[in-house]
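Participant: could you look at this predicted model? Sequence included:
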Amino acid sequence: MEQIFFIGFAVLAIVSALAVVSLRNPVHSALCLMVCLFQVACIFVLLRSPFLAVVQIFIYVGAVMVLFLFVVMILDIRKVMLGSLVGKRSGFVYAIMPLVTLEFLLVIFKGGLGKVASNIPSGEEVKVAVIGKELFTKYLFPFEVVSILLLVAMVGAIVLAKDRDEGA
Amino acid sequence: MFELADITTFIVSISVFLILFVKVYVVAAVLFSLPIPLTWIERKVAGHIQVRLGPFTVGPHGILQPIADTLKSFSKEDVIPEKADRLIFILAPLIALVPACMVFVAIPFGESVTIPYINYELTLYIADMNVALLYILAISGLGIYGIIFGGWASNSKYAVLGGLRSAAQMISYEVALSFAAIGVVMLSNSLSLVEIVKSQAGGFWNWNLFYLPVGPVWFIIFIIAGIAEINRIPFDLPEDEGTLGAGFSVEYSGMKFAFFPLAEYIAMTTVSILAVLMFLGGWNTPFPGAPVVPPIFWFGIKVLAFIYFFMWTRFTFPRYRYDQLMTIGWKILIPICLVNLLVTGFMRILL
């Protein structure tokens, strides 16, 4: 039963991901990206981590995609310009894509990703409290590094936005 | 050959499935018929606040007006603008409506009741997730895509502006809404709505609203952000008829248009229910000594009071300007949220 659901979600995720890159209209791509992220959230549910699934929907489908759409809808006025941007460096893209794919496959199959969260019994629903405790004890350092990274990005974004305001 | 145990487990699982199906069916039926009384009440409230009668022609005191409106919506010509993006134009009302209904999977209406004669204990919720609050916030946030896509697909500048305003507004106020939810989670120590309500049992002084001094602040932040999330006056900039025609829904007609107000009414009910569950003790009685009334009664009364409150504000306040909306969201609500979060944290640790 779970297998059937997984195959359904996975196939839909891959199809919608392909649609994201192959559709011409950026708003259609955004819609497909939403479908794709939603399927990933469904797979998280199958992996017994409802918290990750809900956060995936909350942050990626809910917040990040709204910002994407906001930008895309403003860009859309200059659809012709967007068309001229795509396809200029396709040779470079075709060269780099297999390399990236190979790297990802190596990381997934040889990098030992499956051995990370081993102290949580498999097949059991992961409680929010457990995630919180792990984050603030065992993974405290990476957690803080990520927070600082986000802070840096935020400050950078504010600086960039400010400069443009003063220049205009 | 089947063992007897196999057959009993089979029957049990079938009956569990059937009960789930009936629950989902009842909730869906109630949700879809909800706008019928709500539109009538809203127009009556509007009428009396503005010292007039409201709908009065169809039925006694106009009580059949929503039925007439539904028939009208069904029989109207369904116009799709020529240069509209057809697929997304048709999908958008559904994208608005479906998440609004999906939310109700996680909403508890009471703890459980025992059905007499067959002695079966029926839980008054479809699912008690341990992340229910987050789930509701996440899914109800998706409803905004109906407005954004609907505005974009109409291929009309007023509609696109409505969609863009909606996107910016949603991003700004979702932060404050989530902070209010975090505050409640800190007060109740759980993300499960059933647990949150249980932690407020035993009289109104145990409600999160009366966890002084931070409770009332969270409550006010939640209500302001909630009104902004469901696009009602004073925050209904996406459909500001003064400057945008009718905003995102200007090109919609017939039943497709009716889906948007339908979704709005369901979202309004969701915010009312969330406010009751998170701050007003859900189905708990406010006066433990008083004669016993079924918990669902308290729940209904509180939710109705909130729905009335939302209608009342709609016809009492003028609309904010767009820059005022952004100022309230980013420069007032979020700093208050951060300070309040700190105070709540200290109070939970030290008290």
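Facilitator: Yep, it's here. Residues are numbered from 1 along each chain as shown, chains lettered A, B, ... in the order given.
Participant: can you name every helix or strand that the least confident helix or strand in chain B by mean pLDDT contacts?
Facilitator: Within chain B, no helix or strand scores below helix B:241-244, which has a mean of 74 by mean pLDDT, DSSP states H and E. When contacts are defined as 3 or more C-beta pairs under 8 Å, 6 or more residues apart in numbering or on different chains; DSSP states H and E, helix B:241-244 packs onto helix B:157-188. (Glycine included, C-beta is placed from N, CA and C.)
Participant: got the CA coordinates for whatever helix or strand comes next after the helix it packs on in PDB?
Facilitator: As assigned by DSSP states H and E, the chain's next helix or strand after helix B:157-188 is helix B:193-198. The C-alpha trace of helix B:193-198 is given here as PDB (Å, rounded to 0.1, in the frame of the first residue of the first chain):
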ATOM      1  CA  LEU B 193      -4.800  21.300  19.200                       C
ATOM      2  CA  VAL B 194      -6.500  18.700  21.400                       C
ATOM      3  CA  GLU B 195      -3.600  19.100  23.900                       C
ATOM      4  CA  ILE B 196      -3.700  22.900  23.600                       C
ATOM      5  CA  VAL B 197      -7.400  22.900  24.500                       C
ATOM      6  CA  LYS B 198      -6.800  20.400  27.400                       C
END
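Participant: pLDDT on helix B:193-198, on average?
Facilitator: Summarised as a single mean, pLDDT over helix B:193-198 is 88.
Participant: buried residues, it. List them.
Facilitator: B:Leu193, B:Val194, B:Glu195, B:Ile196, B:Val197 (16 or more other C-beta atoms under 10 Å in any protein chain shown).
Participant: so how far is the helix or strand that comes right after it off the chain centroid?
Facilitator: Next helix or strand after helix B:193-198 toward the C-terminus (DSSP H and E): helix B:214-229. Centre-to-centre, helix B:214-229 and its host chain are 14 Å apart (C-alpha atoms, centre = their mean, to the nearest Å).
Participant: and if you look at stretch B:95-111?
Facilitator: Per C-alpha atoms, centre = their mean, the displacement of stretch B:95-111 from the mean C-alpha position of its chain is 8 Å.
Participant: start and end of that stretch, how far apart?
Facilitator: End-to-end distance of stretch B:95-111 (C-alpha to C-alpha, to the nearest Å): 31 Å.
Participant: ok, the top helix by length along chain A near chain B or not?
Facilitator: Counting residues, the longest helix found in chain A (DSSP state H) is helix A:140-167. No: residues of helix A:140-167 are not located near chain B by C-beta under 8 Å from any C-beta of the partner chain, the shortest gap being 12.4 Å.
Participant: what comes up buried for that helix?
Facilitator: In helix A:140-167, counting by 16+ other C-beta under 10 Å, buried: nothing.
Participant: show me how the chain divides into domains.
Facilitator: Chain wasn't specified; assuming chain A. Following automatic domain parsing, one finds the domains of chain A at A:1-95, A:127-168.
Participant: that's the other chain; I wanted chain B
Facilitator: Taken from automatic domain parsing, chain B resolves into B:1-33, B:76-350.
Participant: so which of those is the most packed in?
Facilitator: domain B:76-350 (a mean of 19; mean count of other C-beta atoms under 10 Å in any protein chain shown).
Participant: what sits against B:Val343?
Facilitator: Contact analysis of B:Val343 by C-beta atoms under 8 Å, 6 or more residues apart in numbering or on different chains lists B:Pro213, B:Val214.
Participant: now residue 57: phi and psi?
Facilitator: Using chain A here. When read as degrees, to the nearest 10, the backbone of A:Ile57 gives phi -70, psi -40.
Participant: could you do chain B instead?
Facilitator: Taking degrees, to the nearest 10 as the convention, B:Thr57 sits at phi -90, psi -50.
Participant: B:Val58 versus the spatially closest residue to it that is not a sequence neighbour, what's the distance?
Facilitator: Nearest in space to B:Thr57, with sequence neighbours left out and distances taken as C-beta to C-beta, 6 or more residues apart in numbering or on different chains, is B:Gln65 at 7.6 Å. Per C-beta to C-beta, to the nearest Å, B:Gln65 is found 5 Å from B:Val58.
Participant: looking at these two, which has the bigger crowd around it?
Facilitator: More neighbours surround B:Gln65 than the other of B:Gln65 and B:Val58, with 20 against 15 (other C-beta atoms under 10 Å in any protein chain shown).
Participant: tell me the contacts of that one?
Facilitator: Going by C-beta under 8 Å, 6+ apart, B:Gln65 touches B:Thr39, B:Trp40, B:Arg43, B:Pro55, B:Thr57, B:Val58, B:Gly59.
Participant: ranges for the helices of the stretch 1-150 of chain B?
Facilitator: Secondary structure of the stretch 1-150 of chain B by DSSP state H, counting those that start in this stretch: the helices cover B:4-33, B:35-49, B:65-75, B:86-102, B:132-142, B:144-153.
Participant: can I get these in TSV with mean pLDDT?
Facilitator: Listed next are those as TSV, based on pLDDT from 0 to 100:
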stretch	mean pLDDT
helix B:4-33	85
helix B:35-49	89
helix B:65-75	87
helix B:86-102	89
helix B:132-142	89
helix B:144-153	87
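Participant: what helix or strand does the closest residue to B:Met186 other than its chain neighbours sit in?
Facilitator: Take B:Met186 and drop its neighbours on the chain: the residue closest to it by C-beta to C-beta, 6+ apart is B:Thr344, 5.2 Å away. Element membership for B:Thr344 (DSSP H and E) is helix B:334-350.
Participant: which parts of the stretch 51-200 of chain B sit against chain A?
Facilitator: Residues of the stretch 51-200 of chain B found near chain A (C-beta under 8 Å from any C-beta) are B:85, B:88, B:129-131, B:134-135, B:137-139, B:141-142, B:144-145, B:148-149, B:152, B:160, B:163-164, B:167-168, B:170-171, B:174, B:191.
Participant: which helix or strand in chain A has the lowest average pLDDT?
Facilitator: For chain A, counting by mean pLDDT, DSSP H and E, that's helix A:79-85 with a mean of 56.
Participant: list the contacts of the one residue in the stretch 201-350 of chain B that gets nearest to chain A.
Facilitator: Distances between the stretch 201-350 of chain B and chain A by C-beta to the nearest C-beta are smallest at B:Glu229, namely 11.3 Å. Neighbour list for B:Glu229: B:Ser140, B:Gly141, B:Ile144, B:Met170, B:Tyr173, B:Glu174, B:Leu177, B:Ala267, B:Val271 [criterion: C-beta under 8 Å, 6+ apart].
Participant: how about 7 Å then?
Facilitator: B:Met170, B:Tyr173, B:Glu174, B:Leu177, B:Val271 (C-beta atoms under 7 Å, 6 or more residues apart in numbering or on different chains).
Participant: pick out the most distant pair among the residues you listed.
Facilitator: Taking every pair in these and measuring C-beta to C-beta, the maximum separation is 13.6 Å, between B:Met170 and B:Val271.
Participant: in contact with B:Ser112, which residues?
Facilitator: By C-beta under 7 Å, 6+ apart, B:Ser112 lies in contact with B:Glu121, B:Leu122, B:Thr123, B:Leu124.
Participant: what about A:Ile59, neighbour count?
Facilitator: 13.
Participant: tell me the centre residue of chain B?
Facilitator: In chain B, the residue lying closest to the centroid (C-alpha atoms, centre = their mean) is B:Thr270, at 2.0 Å.
Participant: how close does the nearest residue to that residue once chain neighbours are set aside sit to B:Val51?
Facilitator: In space, and not counting its chain neighbours, B:Thr270 is closest to B:Val103: 5.2 Å by C-beta to C-beta, 6+ apart. In this view, B:Val103 and B:Val51 are 36 Å apart by C-beta to C-beta.
Participant: kindly report the same for B:Cys337.
Facilitator: 38 Å.
Participant: how far does the longest helix of chain A sit from the chain's center?
Facilitator: Computed by C-alpha atoms, centre = their mean, the chain-centroid distance of helix A:140-167 equals 19 Å.
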